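**Student:** got a predicted model here, sequence first, then my questions.
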Amino acid sequence: MTHKTKGIVLRTIQYGETSVITSIYTELFGLQNYIVKGVRQASSKKQSKALYFQPGAMLDMEVYQNNLKNLQFIKEYKWQYIYQKVLFDVIRTAVAFFMIELFQHSIKQPEANPELFYLLEGSLMEADKGSDAVVANLPLYFSLHLAAESGFDIQGNYSAENYILDLKEGAYTSQAPLHSDFIEGNDAKISSRIQHINFYNDLGEIKLSRETRNRLLNAFLLYISLHITEFKVLKSLKILQEVLS
């Protein structure tokens, strides 16, 4: 039995002479691994189909799904969205790769979570078509909203009284905790604002310096690492922070 679903490629490795094994986050089935045969074959008249399975590729697929198997098969696939800027703009490329890597390291359950899928899908599209100001703040938005959709949303709101964001507890508070994992003042205020944004365009209204943006991104990643076991250091973080400077 086959199913039609959208999918976003997270990682692909070569398999054999002409095939690949690809990890794809799907709308219907969550994280799945597929073996795709023959896609690395190319001729002078036909381009290799391996381009479809580059990280970040968004596909419409018809797949065979057997929950008793670790490797699934794809019957048909085509582009669901074709990037216009991400592949040619170093900043947008860095933002997209950061979100893909963060998503990949944050997903611990293979089960379907449509809201997580839509967050990644929408954010990748915004990295491609959004304004420069929106794209610069997109990693901050994605990090906080990924945490929320993963089940550890920050509780409460910033206020003159609750001006401290405790990253271990995931809540705004009026008293500094005994540990050092917290941010306060304007950083906490900006975090609350980003946390409650519902439309990507609103990100463009938040003006941040390079130092503030880097400080907040490090804090948000610390928050995620405190709530996800064995969270790995992101290789894309340094590149992202360099290009956003």
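**Tutor:** Received it, and whenever you're ready, just let me know what you need.
**Student:** show me this structure divided up by domain.
**Tutor:** Residue ranges for the domains of the chain, per automatic domain parsing: 1-82, 87-245.
**Student:** just give the number of residues close to the closest residue to S159 other than its chain neighbours.
**Tutor:** Leaving out its chain neighbours, the residue that sits closest to S159 by C-beta to C-beta, 6 or more residues apart in numbering is Y172, at 7.3 Å. For the C-beta atoms, the positions are set from N, CA and C on the backbone; glycine is no exception. Neighbour count of Y172, defined by other C-beta atoms under 10 Å: 23.
**Student:** A strand includes T22, no?
**Tutor:** Yes. Membership of T22 in a strand is supported by DSSP: H, G, I helix; E, B strand; the rest coil.
**Student:** if I look at it, how far off is K69?
**Tutor:** 15 Å (C-beta to C-beta, to the nearest Å).
**Student:** of those two, who's got more company?
**Tutor:** A direct count of neighbours by other C-beta under 10 Å for T22 and K69 places T22 higher, at 26 against 11.
**Student:** these two touch, right, the more buried one and I8?
**Tutor:** No. Using C-beta atoms under 8 Å, T22 is not in contact with I8; the gap is 10.8 Å.
**Student:** for N186, report the pLDDT, please.
**Tutor:** At N186, the pLDDT value in this model is 97.
**Student:** quick one: contacts for it?
**Tutor:** Going by C-beta atoms under 8 Å, 6 or more residues apart in numbering, N186 touches T212.
**Student:** how about Q41?
**Tutor:** 18, 48.
**Student:** check the gap between it and I206 for me.
**Tutor:** Distance from Q41 to I206, by C-beta to C-beta: 47 Å.
**Student:** scan the protein for its longest strand.
**Tutor:** When the chain is scanned for its longest strand (criterion: DSSP state E), the result is strand 2-15.
**Student:** list phi and psi for the spatially closest residue to N70 that is not a sequence neighbour.
**Tutor:** Spatial nearest neighbour of N70, chain neighbours left out: N33 (6.3 Å); criterion: C-beta to C-beta, 6+ apart. Per-residue torsions, N33: phi -110, psi 130 (degrees, to the nearest 10).
**Student:** next: S150.
**Tutor:** Main-chain torsions, S150, degrees, to the nearest 10: phi -90, psi 0.
**Student:** so it touches S106, yeah?
**Tutor:** Yes. Under the criterion of C-beta under 8 Å, S150 makes contact with S106 at 6.1 Å.
**Student:** got any residues that touch both of those two?
**Tutor:** In terms of C-beta under 8 Å, 6+ apart, S150 and S106 are both contacted by the residues I228.
**Student:** follow-up on the earlier one: show me what contacts the residue nearest to S159?
**Tutor:** Y172 touches 154-159, 162-166, 188, 192, counting by C-beta under 8 Å, 6+ apart.
**Student:** of those, grab the buried ones for ChimeraX.
**Tutor:** Those of the contacts of Y172 that count as buried under 16 or more other C-beta atoms under 10 Å are selected in ChimeraX with:
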select :154,158,162,163,164,165,166,188,192
